[in-house]
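Peer 1: turn this into a structure:
(chains A and B)
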Amino acid sequence: MNVLGELALWIALPVALLGAILGFVAGHRQRGDLQLGAERSVYAVFGLTILASAGIISNFLYDRFEYTYTYSYSNRELATWYKIAGLWSGQRGSLLFWLLFLMLFASIAVWTNRRKNREFMPYVVGTLSTIASFFLVVLLFADVNPYLKLGFTPPNGAGLNPQLQSYWMTIHPPMLYMGFTSFTVPFAFAIAALLSGRLDSRWINITRRWILLSWFFLAIGIVLGMRWAYEELGWGGYWFWDPVENASMLPWLAATAFLHSIQIQESRGMLKVWNMALVLFTFTLTIFATFLTRSGLIESVHSFAQELKIAYIFLAFMSFIVGSGIVLIMWRLPKLKSENQIESFLSRESAFMFNNLILLGILFAVLWGTLFPLISEGVTGTKITVGPPFFNRVNIPIGLILLALTGIGPVIAWRRASKQNIKKNFTLPVGIGLGVMAALFAVGVRPFEEAEGVRVFSQSHAYALATFGIASFVMSVIVIEFFKGTRARARIENEPWPIAFLHLIERNRRRWGGYVVHAGIVVMFAGWAGSSFNVNIRQTLQVGESAVIPSPLGHDYKLTYEGMSTTAATAANANSNLAFQLVALLRVEKDGKVQDNLTTEKRGYIAQDQPTTEVGIDSSFLEDLYVILSDVPNMRGAVQNEPGAQTATFTFLVNPLVGWVWYGGLFIAIGGLIGLWPTLTGAGEPARTPTVAAARPRRPVPAGAAGD
Amino acid sequence: MSLVVGAVLLVAAVILFILQPMLSGRRVSLLRDMDEPTEAESRRRVTLLALRDVEYDYATGKLDETDYHAMRRELAAEALQALERVESEVAAGPGGAAPALEEEIVRLKTGLRAGTTCAVCGTDNDAGSRFCAYCGSPLVPAAQANPARPGTA
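Peer 2: I've put the predicted structure just below:
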């Protein structure tokens, strides 16, 4: 299996190259036989990639530590599930994993289009195969071959980083990778549109669902990553503006901008060049994200110098994509003319464009903050850390404008809106927003902090108050939209309200699914704003002692350290990957009433020096109580269960509204699914007049002349 | 030994799978498909979607009445124009359109002008209908100067 897998990887490269050549030649010469061969090569590469991936998984399952990759990310005691996930736990494997998903989506795209959109397909297959070839070149020639051998067989592996031994970690990377790779399909269709010259909105119609799918996977992947960080990293937060996090956010931001701007092209025939540029940019960012996270660049530019080969290959490929994309767009510029102009500044078109600018603004701020330390290190030799303060200072104000736009856009009509209408539609939501702010101010959410009787202006509290206000404004806009839409439909169709509501969504799932996503974003913003009221108290306790933690919501938590249990490595758990486990038990009382028991742990893993921490979280709708076992001074004694060795230092956090971040993620997932759900009845889109369409004879359309 | 045989078989299978069409002359079409919408058709579809949005925006109070009527007229005219382009595309096709098809087009055109044929799904409705009996879309007479406001009366 392992030998076969490695062999498959080597065979896949010439096959992918052949597919690329066959595809482009088939398109250029209009050769249907070559195209069939090209399409088959896509399936063949997919099959070979499956073999190669299966080989890697078998290396993990059969503990073949003679392979560098298996040795670095596994050990005999690792649970089977994490051995399977070994395929994507490290750089080498995850590049193969990338390719596997790429070929999966490429095969789906080729298969579903085997009888339609034929004029695009040669170039689509050519583009997809080119990208596959690139990843195969990286895998085989950039010193990252997952089949590389050590030259000897160590008795056991070095083990998987314990923080990666979490079920979130087994689903979060696949989600992100699916998001990255599925965006290749819209990109391939865009290139096909440019090459074939069919530059109407057809390529967007075909790939709309793919774009949404990719966006959806990225969003879910990012939220799962946040959830993993919150539960597993044990510092109480979920987003640190870490380069790896940023790398996943960049393509998502670009894809979000793209999802909005294609609507203007579809409905108004505008922004054609912009959309082409944006699809090119988004795709480049998916490659860039992989490059950033999988090339060792982040750790340090200097340690990275040893891996220059992979960097050169990636940089060359990204330059090739951007360069050829720009050349193609320039070449087709005359055909990419806008069919309409913006009729009025007060129109949804201009709101959409503004939304695009804001999203790109955030994108460039994040990109700059991510790259600056690397550039600075490369130039001056010292590494500067750009941390959360920079990102927050830049992104919070821009983010709030974006949030407000989420509420403004839907209320403004396409083409031309009038001032009176806007006034009429905004009065109530703005009133609600202001009302919420006033109410929150009254109950104590104020833009200043009082310390020893002195009032100090607090920017984070001011931002939080503004966020709550804007969020309520947007939420009321969305609720009113649903209400008005349902009312209008109930009246026009004479339907009962619940039916009218369902039909309303069904008839235009993109719009209403989009609004549900917006609602999710709003809830998430509120969750983020809540973090500016976090409480963080560190305290050392003996068994039996208590700590009193005040919640920003006004009540107190009393946590009593009840004791510590220990499990040392024994014959009974010899097969387990755990060396020891220390579990501290705390009783939680809220305003004097016993509420819950929480546990927090220190764990030692076989083949890992540093013990890891498992946090205890008590979640409720409005806040999380989050307990970290920060330190056990006499760890050895505690493991041996010696009397008096159980003294422990805890960090107690109260995180208000943190749950709303996950609820928001859930809304986003539901909204995305509403938009993605296949149309069964065709009710979502007006059908073409069947008689005329069916009777139209098949006409040959030469690729170059199509779309004129 | 078995490994070498396996490898050779794998390579041979892959090569055969890909080259077989070229050797046997099997091919796939690279032409635009029959039931794929043409540009004129997509134009028409987009116009109809825009019409739906205008209806919705008006019904939810986002558009002024004058703007609404003006835009509806413009869009209905655009939809008709797009349909005429679809026709001419069909007529320009090899062999021209069948007589039955021409009749069909005339019927649709008259229906659309009179506001009885649904612009969204193509169903013929009784004269005087304001909404399509099949899909429920508002019926828009292209020639009518001042259409009735939906939801009233």
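
Peer 1: what residues does the stretch 151-300 of chain A have near chain B?
Peer 2: A:200, A:201, A:202, A:205, A:266, A:267, A:269 (Cβ under 8 Å from any Cβ of the partner chain). C-betas here are computed from N, CA, C, even on glycine.

Peer 1: quick one: secondary structure of the first one?
Peer 2: So that's residue A:200. Applying DSSP: H, G, I helix; E, B strand; the rest coil to residue A:200 yields a three-state assignment of coil.

Peer 1: does it really touch residue B:41, like I thought?
Peer 2: No - applying Cβ atoms under 8 Å, one finds residue A:200 not in contact with residue B:41, separated by 10.5 Å.

Peer 1: tell me which of these two has more neighbours.
Peer 2: Between residue A:200 and residue B:41, counted using other Cβ atoms under 10 Å in any protein chain shown, residue A:200 has the larger neighbour count: 23 against 20.

Peer 1: phi and psi next, for the more buried one.
Peer 2: Dihedral angles phi and psi of residue A:200 (degrees, to the nearest 10) take the values phi -70, psi -160.

Peer 1: distance of it relative to residue A:259?
Peer 2: In this structure, residue A:200 and residue A:259 are 19 Å apart, going by Cβ to Cβ, to the nearest Å.

Peer 1: what sits against residue B:43?
Peer 2: Residue B:43 makes contacts with B:78, B:82, B:85, as judged by Cβ atoms under 8 Å, 6 or more residues apart in numbering or on different chains.

Peer 1: can we see that at 6 Å?
Peer 2: Under the criterion of Cβ atoms under 6 Å, 6 or more residues apart in numbering or on different chains, the contact partners of residue B:43 comprise residue B:82.

Peer 1: would you mind giving both backbone torsions of the residue of chain B found nearest chain A?
Peer 2: For chain B, the residue closest to chain A is residue B:27, as judged by Cβ to the nearest Cβ, at 3.1 Å. Residue B:27 adopts backbone torsions of phi -140, psi 160, taken as degrees, to the nearest 10.

Peer 1: spatially nearest residue to it (excluding sequence neighbours)?
Peer 2: If the residues on either side of it in the chain are set aside, residue B:27 comes closest to residue A:32, at 3.1 Å by Cβ to Cβ, 6 or more residues apart in numbering or on different chains.

Peer 1: my guess is the one you found contacts residue B:26. True?
Peer 2: No - with contact taken as Cβ atoms under 6 Å, residue A:32 and residue B:26 are classed as non-touching, separated by 8.5 Å.

Peer 1: chain center to stretch A:107-116, what's the gap?
Peer 2: Centroid separation for stretch A:107-116 versus its chain: 26 Å, with Cα atoms, centre = their mean, to the nearest Å.

Peer 1: hmm, it touching chain B?
Peer 2: Yes - counting by Cβ under 6 Å from any Cβ of the partner chain, chain B is contacted by stretch A:107-116 at residue A:116.

Peer 1: now do the buried residues in that stretch.
Peer 2: Neighbour counts using 16 or more other Cβ atoms under 10 Å in any protein chain shown place A:107, A:109, A:110, A:113, A:116 of stretch A:107-116 among the buried residues.

Peer 1: out of these, who's nearest chain B?
Peer 2: Each of the buried residues of stretch A:107-116 was checked against chain B using Cβ to the nearest Cβ; the closest is residue A:116, at 5.0 Å.

Peer 1: and that closest one, its phi and psi?
Peer 2: Dihedral angles of residue A:116 (phi, psi; degrees, to the nearest 10) stand at phi -140, psi 170.

Peer 1: would you map out the domains in chain A?
Peer 2: Residue ranges for the domains of chain A, per automatic domain parsing: A:1-165, A:169-406, A:407-532+A:661-676, A:534-657.

Peer 1: for these, which one ends up most surrounded?
Peer 2: domain A:1-165 (a mean of 21; mean count of other Cβ atoms under 10 Å in any protein chain shown).

Peer 1: quote the end-to-end distance of that one.
Peer 2: The stretch domain A:1-165 measures 26 Å between its terminal residues, going by Cα to Cα, to the nearest Å.

Peer 1: who's residue A:616 bridged to?
Peer 2: Here residue A:616 sits in beta bridges with residue A:627, going by DSSP bridges.

Peer 1: roughly how far does it sit from residue A:625?
Peer 2: Taking Cβ to Cβ as the measure, residue A:616 falls 8 Å from residue A:625.

Peer 1: check residue B:112 and give its pLDDT.
Peer 2: In the predicted model, residue B:112 carries a pLDDT score of 74.

Peer 1: near it, how many other residues are there?
Peer 2: Here the number of neighbours of residue B:112 (other Cβ under 10 Å) works out to 23.

Peer 1: do the same with the one 3 residues further on
Peer 2: By the criterion of other Cβ under 10 Å, residue B:115 has 22 neighbours.

Peer 1: is it true that residue A:582 lies in a strand?
Peer 2: Yes - if the criterion is three-state DSSP, then residue A:582 is within a strand.

Peer 1: show me where pLDDT drops low in the stretch 351-500 of chain A?
Peer 2: Low-confidence segments of the stretch 351-500 of chain A, defined by pLDDT under 70, are absent; every residue clears the threshold.

Peer 1: and the host helix or strand of residue A:491, does that touch chain B?
Peer 2: For residue A:491, the enclosing helix or strand under DSSP states H and E is helix A:459-493. Yes - legend: contact between helix A:459-493 and chain B by Cβ under 6 Å from any Cβ is shown at A:484, A:488, A:491, A:492, A:493.

Peer 1: what packs against that helix?
Peer 2: When contacts are defined as 3 or more Cβ pairs under 6 Å, 6 or more residues apart in numbering or on different chains; DSSP states H and E, helix A:459-493 packs onto helix A:388-408, helix A:419-443, helix A:497-507, helix A:509-530.

Peer 1: measure how far it is from the centre of its chain, please.
Peer 2: Its chain's C-alpha centre lies 25 Å from the corresponding centre of helix A:459-493 when counted by Cα atoms, centre = their mean.

Peer 1: confirm that residue A:597 sits in a strand.
Peer 2: Yes - according to three-state DSSP, the state of residue A:597 is that of a strand.

Peer 1: about what we covered before: how many degrees apart are the helix holding residue A:491 and helix A:419-443 in direction?
Peer 2: Helix A:459-493 runs at 130 degrees relative to helix A:419-443, counting by axes from the mean of the first three to the mean of the last three Cα atoms, to 10 degrees.

Peer 1: helix A:459-493 to helix A:509-530, inter-axis angle?
Peer 2: Taking the same axes, to 10 degrees, one finds helix A:459-493 and helix A:509-530 inclined to each other by 160 degrees.
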